[in-house]
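K.L.:
quick one, fold the following:
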Amino acid sequence: MKAIRLIMQAANDPCRALGREEVLAATFRDFVQRALAAGWNEPEVALTLADIADDYVMALARRVVVN
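P.N.:
Purely as a prediction, here's the structure:
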């Protein structure tokens, strides 16, 4: 798997979000392709990744509320 590169822009630069999405989307597509190549079907990969992402967002929200 390729390394994820950091976009060297200020955190408040509007182009940073576009660059971040481009880099992470490419890595995400690579990951999905690896899961499909391993034999998982596309709907189960998509649903599982959505569940994992939701769990991560909820955990992050809990940390923000606590802090």
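K.L.:
all helices for this protein, in order.
P.N.:
Ranges of helices within the chain are 14-37, 42-66, based on DSSP state H.
K.L.:
and those helices as JSON lines, adding distance to M8?
P.N.:
From N, CA and C alone the C-beta is placed, and that goes for glycine too. Listed next are those as JSON lines, based on distance: least, Cβ to Cβ, whole Å:
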{"stretch": "helix 14-37", "distance to M8": "9"}
{"stretch": "helix 42-66", "distance to M8": "24"}
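K.L.:
export those helices to CSV and tack on mean neighbour count, distance to A3 and mean pLDDT?
P.N.:
Output for the helices of the chain, formatted as CSV (neighbours: other Cβ atoms under 10 Å; distance: least, Cβ to Cβ, whole Å; pLDDT from 0 to 100):
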stretch, mean neighbour count, distance to A3, mean pLDDT
helix 14-37, 12, 9, 92
helix 42-66, 10, 20, 94
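K.L.:
figure out which of the ones you listed is closest to I7.
P.N.:
helix 14-37 (3.6 Å; Cβ to Cβ).
K.L.:
packing partners for the closest one?
P.N.:
helix 42-66 (3 or more Cβ pairs under 8 Å, 6 or more residues apart in numbering; DSSP states H and E).
K.L.:
tilt between the helix it packs on and helix 14-37?
P.N.:
140 degrees (axes from the mean of the first three to the mean of the last three Cα atoms, to 10 degrees).
K.L.:
if anything else comes up later, I'll come back, but that's it for now.
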